[in-house]
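Colleague: Predicted model follows, preceded by the sequence.
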2 protein chains.
Amino acid sequence: MSSNFSHSEENYIKNIYHLQQSTGFATTNELAAALRSKPASITDMLKKLKAKKLLIYEPYKEFNLSPQGKRIALGIVRRHRLWEYFLVEKLKFGWDEVHEIAEELEHVSNKKLTDQLDQFLNYPRFDPHGDPIPDSNGKMIVQQQMILTELALNAPSQVSSVGSQSSELLELLKHKNITIGTRVEVKKKFSFDRSMELKLNNQVAVNISEQLASVLFVKSV
Amino acid sequence: MSSNFSHSEENYIKNIYHLQQSTGFATTNELAAALRSKPASITDMLKKLKAKKLLIYEPYKEFNLSPQGKRIALGIVRRHRLWEYFLVEKLKFGWDEVHEIAEELEHVSNKKLTDQLDQFLNYPRFDPHGDPIPDSNGKMIVQQQMILTELALNAPSQVSSVGSQSSELLELLKHKNITIGTRVEVKKKFSFDRSMELKLNNQVAVNISEQLASVLFVKSV
DNA sequence: AAATAAATTTAGACAAACCTAAAAAAAATT
DNA sequence: AATTTTTTTTAGGTTTGTCTAAATTTATTT
């Protein structure tokens, strides 16, 4: 009874899932950007996914996974994150080099394989990037986001989203080499101007203003 | 510079490799049977593989992998057998349920992944079926086949081929539940008629005649 | 050696998943 | 409210890998 989805369908489902996690829904253009393909291709697949009852979609509208689609997405996310954990913990990869490989391994979809791997790894609850791993029923720990200004000193965290998309902000983030996923620890807070010194990716030290810190959302890892 | 081959191309290459291992070369019909596809499809792909210089092939002739094609085949076999070993040794699968899963995992082709996995497993030289695992240079132990009558007492081995295809023989093998891959240990040899008692798959005890033993080829595992 | 059978290839279709260019709908601006 | 811009869809192709049916080549019989 293991319904089977193509490599491509799974990539769509996974990316729709991530988009609707961050903004509540997905759109054709966003998904095309995420999948590095063209909007017209997206429309084609949306129709197929809708026909398979995995997607709630009406032409020209934004769309979301159906409960069934979400179940499948969580299976993919589960496999992805378990393999990432495996690669880092058992095969000694760096946390920053496992994504691509997990991207392929996640498509090997066999319930017993996934569950045995989970057991072998001792049922980890977070992957090496700090993201929660769904259990075999699709349940996972919900992570609370916080504003960087609220983060405790030396608490390891990771940039999860930014509070605006203004080009001024993006320019600054680019200059400081901060992106979604960058690991952050607050090393010092200066009460004079509420600026702070950060350590990025356990390597680089940078200083940022309160204005910047207040638009950076992080989650603890 | 990791040249990339499609899932489908890899399946062709792997199956051509196995065919030429057992009979010295491959033919269109045999390959179609192995891949459960149609001869016309095979011909199409043979042309593509030839164009990519992976195959030595002239229309209407039998064919073989080029040295380059063989190198790729050995990479696939290496991944397949390493994953099988992983599944049995680490994830506690039975040796008879890992083939299908390894069939998918083998297509995840990343040199570092494969080499780290190899190291993690402690450089195993044989997979759970007793087949040798190529090392990162494609070298592997060559296995000598022997006739079952020559096998030492209690030496674990595995049926690798049969000396005839007669229906009488096949009927007998079917009745005794012996196939290619069946695990065999000789528990007793009776000098009166040279019949022997075997243990099959570490479970069942059976008696076989000298005539039968003399047409069963085994390899040690 | 001719006829028959078997194996292989060619020709032409088809589905999946992608593309470009043009049309249509929705959203944003003036 | 009308116009412009952006987003999305439609229409029509392309590539990959498969298929069936017919043609061709090779092998086997008679």
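Modeller: Noted; the coordinates are in hand. Numbering: from 1, shown residues only, chains lettered A, B, ... in the order given.

Colleague: Is there a neighbour count for A:Leu65? I'd like the number.
Modeller: Using other CB atoms under 10 Å in any protein chain shown, A:Leu65 has 24 neighbouring residues. Any C-beta I mention is one placed from the backbone N, CA and C, and that applies to glycine too.

Colleague: In the beta-sheet assignment, what are the partners of it?
Modeller: Assessed by DSSP bridges, A:Leu65 has beta-bridge partners A:Leu55.

Colleague: didn't it look like it was pressed against A:Ala73?
Modeller: Yes - in this structure, A:Leu65 is within contact of A:Ala73 by CB atoms under 8 Å, at 5.9 Å.

Colleague: Mutual contacts of the two, please.
Modeller: Residues within reach of A:Leu65 and of A:Ala73 at once, by CB atoms under 8 Å, 6 or more residues apart in numbering or on different chains, are A:Ile13, A:Ile16, A:Tyr17.

Colleague: Would you agree the first one is in contact with A:Leu54?
Modeller: Yes - checked against CB under 8 Å, the pair A:Ile13 and A:Leu54 is within contact range at 6.5 Å.

Colleague: tell me, what's touching the two both at once?
Modeller: By CB under 8 Å, 6+ apart, the residues touching both A:Ile13 and A:Leu54 are A:Leu65, A:Gly69, A:Ile72.

Colleague: Nearest to DNA strand D among those residues?
Modeller: Within these, the smallest distance to DNA strand D is 15.4 Å, found for A:Leu65 (CB to the nearest atom of the strand).

Colleague: List the contacts of that closest one.
Modeller: For A:Leu65, the contact set (CB under 8 Å, 6+ apart) comprises A:Ile13, A:Ile16, A:Tyr17, A:Gln20, A:Leu54, A:Leu55, A:Ile56, A:Ala73.

Colleague: quick one: which of the residues you listed has the most company?
Modeller: For the contacts of A:Leu65, the largest number of neighbours (other CB under 10 Å) sits with A:Ile16, at 30 neighbours.

Colleague: Can you check the pLDDT for the most far-flung residue of chain A relative to its centre?
Modeller: The C-alpha centroid of chain A is most remote from A:Phe192, which lies 35.1 Å away (CA atoms, centre = their mean). Listed pLDDT for A:Phe192 reads 92.

Colleague: I'd assumed it was in a strand, is it?
Modeller: No - using DSSP: H, G, I helix; E, B strand; the rest coil, the secondary structure at A:Phe192 is coil, not a strand.

Colleague: in chain A, which spans are helices?
Modeller: Taking DSSP state H as the test, the helices found in chain A are A:7-23, A:28-34, A:39-51, A:67-89, A:99-105, A:111-120, A:167-176, A:210-213.

Colleague: TSV please, covering those and showing mean pLDDT and distance to chain B.
Modeller: Formatted as TSV, these follow (pLDDT from 0 to 100; distance: least, CB to the nearest CB, whole Å):
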stretch	mean pLDDT	distance to chain B
helix A:7-23	96	8
helix A:28-34	97	22
helix A:39-51	97	19
helix A:67-89	97	7
helix A:99-105	96	5
helix A:111-120	98	4
helix A:167-176	85	29
helix A:210-213	94	36
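
Colleague: now, of those, which is deepest in the fold?
Modeller: A comparison of the helices of chain A by mean neighbour count, using mean count of other CB atoms under 10 Å in any protein chain shown, puts helix A:67-89 on top with a mean of 21.

Colleague: got the angle for that one vs helix A:7-23?
Modeller: Relative orientation of helix A:67-89 and helix A:7-23, computed by axes from the mean of the first three to the mean of the last three CA atoms, to 10 degrees: 90 degrees.

Colleague: Using PDB, list the CA coordinates for helix A:67-89.
Modeller: What follows is helix A:67-89, C-alpha atoms only, in PDB (Å, rounded to 0.1, in the frame of the first residue of the first chain):
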ATOM      1  CA  PRO A  67      -3.700  16.900   4.800                       C
ATOM      2  CA  GLN A  68      -2.600  13.900   2.700                       C
ATOM      3  CA  GLY A  69       0.000  16.000   1.000                       C
ATOM      4  CA  LYS A  70       1.300  17.200   4.200                       C
ATOM      5  CA  ARG A  71       1.600  13.700   5.500                       C
ATOM      6  CA  ILE A  72       3.800  12.900   2.600                       C
ATOM      7  CA  ALA A  73       5.800  16.000   3.000                       C
ATOM      8  CA  LEU A  74       6.500  15.100   6.600                       C
ATOM      9  CA  GLY A  75       7.700  11.700   5.500                       C
ATOM     10  CA  ILE A  76      10.200  13.400   3.100                       C
ATOM     11  CA  VAL A  77      11.300  15.800   5.800                       C
ATOM     12  CA  ARG A  78      11.800  13.000   8.200                       C
ATOM     13  CA  ARG A  79      14.000  11.000   5.800                       C
ATOM     14  CA  HIS A  80      16.000  14.100   4.900                       C
ATOM     15  CA  ARG A  81      16.700  15.000   8.500                       C
ATOM     16  CA  LEU A  82      17.500  11.500   9.600                       C
ATOM     17  CA  TRP A  83      20.000  11.100   6.900                       C
ATOM     18  CA  GLU A  84      21.600  14.400   7.700                       C
ATOM     19  CA  TYR A  85      21.900  13.300  11.300                       C
ATOM     20  CA  PHE A  86      23.400  10.000  10.100                       C
ATOM     21  CA  LEU A  87      25.900  11.700   7.900                       C
ATOM     22  CA  VAL A  88      27.100  14.000  10.600                       C
ATOM     23  CA  GLU A  89      27.000  11.700  13.600                       C
END
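
Colleague: contact partners of stretch A:17-35?
Modeller: By CB under 8 Å, 6+ apart, the residues outside stretch A:17-35 that reach it are A:11-12, A:15-16, A:38-39, A:41-43, A:46, A:62-65, A:69-70, A:73-74, A:76-77, A:161.

Colleague: and what of stretch A:73-93?
Modeller: The contact list for stretch A:73-93 (CB under 8 Å, 6+ apart) reads A:10, A:13-14, A:16-17, A:65, A:94-95, A:98-99, A:101-103, A:105-109, A:114, A:117-118, A:121, A:124, A:127-129, A:131-136, A:138, A:140, B:112-113, B:116-117, B:119-120.

Colleague: got it, and stretch A:96-110?
Modeller: Outside stretch A:96-110, the residues within contact range by CB under 8 Å, 6+ apart are A:2, A:4-5, A:7, A:10, A:14, A:75-76, A:79-81, A:83-84, A:87-88, A:93, A:128, A:201, B:100-101, B:104-105, B:107-108, B:110, B:113.
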